[in-house]
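Student: Need a 3D model of the sequence below.
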Amino acid sequence: MARYKRIDTSPKFLPVVLCEQLLPGTFEHALNHLLDHEVDLSGLDGRFCNDSTGAPAYPPAVLLKLILFAYSRGIVSSRAIERACREHVTFIALCGDQAPHFTTIAAFIRELGPEIANVFTQVLFLCDAQGLIGRQMFAIDGVKLPSNASKARSGTRAEFAREAGKIEGQVRKMLARHREQDARGVEPDLAVKDRERVEALSRDAAKLRHWLKAHPEDRRGTKGSIRKSNRTDNESAKMATDKGVIQGYTGVAAVDSAHQIIVEAQAHGSGSEQAVLIPVVEAMRDMIEDT
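Tutor: Here you go, the predicted structure:
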């Protein structure tokens, strides 16, 4: 009977040169080189104010490397990225064995803001310089994505005003009942609960009135029709999907046919993908006219 060497995959302590784990010709090697030497990330430095005091921060380049490499492997969770930085040698090499906490990764993604658009532009420039953009045919498609907003907080200004009126009416009734209970000498715990409920309703009504004052006009659609606003995220929209109604955005991307390079990406608070076609085409005008 043939004999074979025993393959042992149990944990071992091995000497590892981290930079040697990023093999030339791989995506992670290119990602590491480009973000360290070619892409200008100085616009992200403004997020930090620790020149003199405070703890040292993770370099934006390192966080971007981890996030983009994770996306390329189908990992889209901050907790999963943190775990990979402790367990997967390629992630360990990209972060230099300095695994960031998942809250650091989540905060970085959440607070990227408009600075990421400049990074995207630089990446496209590098792709174009390498001849990866054919400029012959572009494909445009969209997907509906949920936002961090509640559907229950959607409506028109008129609907919000009616809701505020109802809450204020409830407050008046509860205050009247509270006075009656005080006159009869009601038990203290019931009075406390009533008072807490009145305070909560008053806060809700005040938030509604404040929102109405800050937004004197209804949102309008492309044809002038009234669109529902959302008090949590007023740029998002309520839209129907095959999994039900969500509060979110229509994400749309344009891809060059030569090497499937994404050349434009936008997000719109609209349930109609047709309505976002023109903004994407307009944004690509310079690239199209160069063909």
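
Student: Identify each buried residue in stretch 89-98, please.
Tutor: Within stretch 89-98, the residues that count as buried by 16 or more other C-beta atoms under 10 Å are 90-95. For glycine as for every other residue, the C-beta is placed from the backbone atoms N, C-alpha and C.

Student: And the contacts of it?
Tutor: Applying C-beta atoms under 8 Å, 6 or more residues apart in numbering, the contact partners of stretch 89-98 are 16, 18-19, 21-22, 28, 31-32, 58, 62, 65-66, 69-70, 81, 84-86, 99.

Student: at 10 Å what do you get?
Tutor: 14, 16-23, 26-29, 31-32, 35, 58-59, 61-66, 68-70, 73, 75, 81-86, 88, 99 (C-beta atoms under 10 Å, 6 or more residues apart in numbering).

Student: List only buried entries from those.
Tutor: For those, buried by 16+ other C-beta under 10 Å: 21-22, 28-29, 31-32, 35, 58-59, 61-66, 68-70, 75, 81-82, 84-85, 88, 99.

Student: Just those: which are in strands?
Tutor: Assigned to strands by DSSP state E, none of these qualify.

Student: any idea which helix or strand comes after the helix or strand containing residue 165?
Tutor: Per DSSP states H and E, residue 165 falls inside helix 157-184. On the C-terminal side of helix 157-184, the nearest following helix or strand under DSSP H and E is helix 188-214.

Student: Packing partners of that following helix?
Tutor: helix 157-184 (3 or more C-beta pairs under 10 Å, 6 or more residues apart in numbering; DSSP states H and E).

Student: got the buried residues for the helix it packs on?
Tutor: Buried-residue list, helix 157-184, by 16+ other C-beta under 10 Å: 157, 160, 164, 167-168, 170-171, 174, 178.

Student: Return the residues in contact with the residue minimising distance to the centre of the chain.
Tutor: For the chain, the residue nearest the mean C-alpha position is residue 110 (5.5 Å; C-alpha atoms, centre = their mean). Residues in contact with residue 110 (C-beta under 10 Å, 6+ apart) are 78, 148.

Student: element containing residue 245, please.
Tutor: Going by DSSP H and E, residue 245 is in strand 244-256.

Student: Convert that strand to PDB, retaining C-alpha atoms only.
Tutor: C-alpha atoms of strand 244-256 as PDB (Å, rounded to 0.1, in the frame of the first residue of the first chain):
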ATOM      1  CA  GLY A 244     -40.900  44.500  -0.500                       C
ATOM      2  CA  VAL A 245     -40.900  48.200   0.000                       C
ATOM      3  CA  ILE A 246     -37.600  49.700   1.300                       C
ATOM      4  CA  GLN A 247     -36.400  53.200   2.200                       C
ATOM      5  CA  GLY A 248     -33.200  53.700   0.300                       C
ATOM      6  CA  TYR A 249     -31.400  54.700  -2.900                       C
ATOM      7  CA  THR A 250     -31.000  53.500  -6.500                       C
ATOM      8  CA  GLY A 251     -27.300  52.800  -7.000                       C
ATOM      9  CA  VAL A 252     -26.300  53.000 -10.700                       C
ATOM     10  CA  ALA A 253     -22.900  52.200 -12.300                       C
ATOM     11  CA  ALA A 254     -21.500  52.500 -15.800                       C
ATOM     12  CA  VAL A 255     -19.000  49.800 -16.900                       C
ATOM     13  CA  ASP A 256     -16.500  49.900 -19.800                       C
END
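
Student: and after it, which helix or strand comes next?
Tutor: Following strand 244-256 in sequence, per DSSP H and E, is strand 262-268.

Student: Just the buried residues of the helix or strand just after that following strand, please?
Tutor: For strand 262-268, the following helix or strand on the C-terminal side (DSSP H and E) is helix 277-283. By neighbour count, with 16+ other C-beta under 10 Å as the criterion, the buried positions of helix 277-283 are residue 280.

Student: what's helix 277-283 packed up against?
Tutor: Against helix 277-283 (3+ C-beta pairs under 10 Å, 6+ apart) you get strand 138-146, strand 244-256, strand 262-268.

Student: which of these sits most buried?
Tutor: Looking across the helices and strands packed on helix 277-283 with neighbours counted as mean count of other C-beta atoms under 10 Å, the highest average goes to strand 244-256: a mean of 19.

Student: Strand 138-146 and that one, what's the angle between them?
Tutor: Orientation note: strand 244-256 sits at an angle of 160 degrees relative to strand 138-146 (axes from the mean of the first three to the mean of the last three C-alpha atoms, to 10 degrees).

Student: tell me which strands and helices strand 244-256 is in contact with?
Tutor: Strand 244-256 packs on helix 115-129, strand 138-146, strand 237-241, strand 262-268, helix 277-283, helix 285-289, going by 3+ C-beta pairs under 10 Å, 6+ apart.
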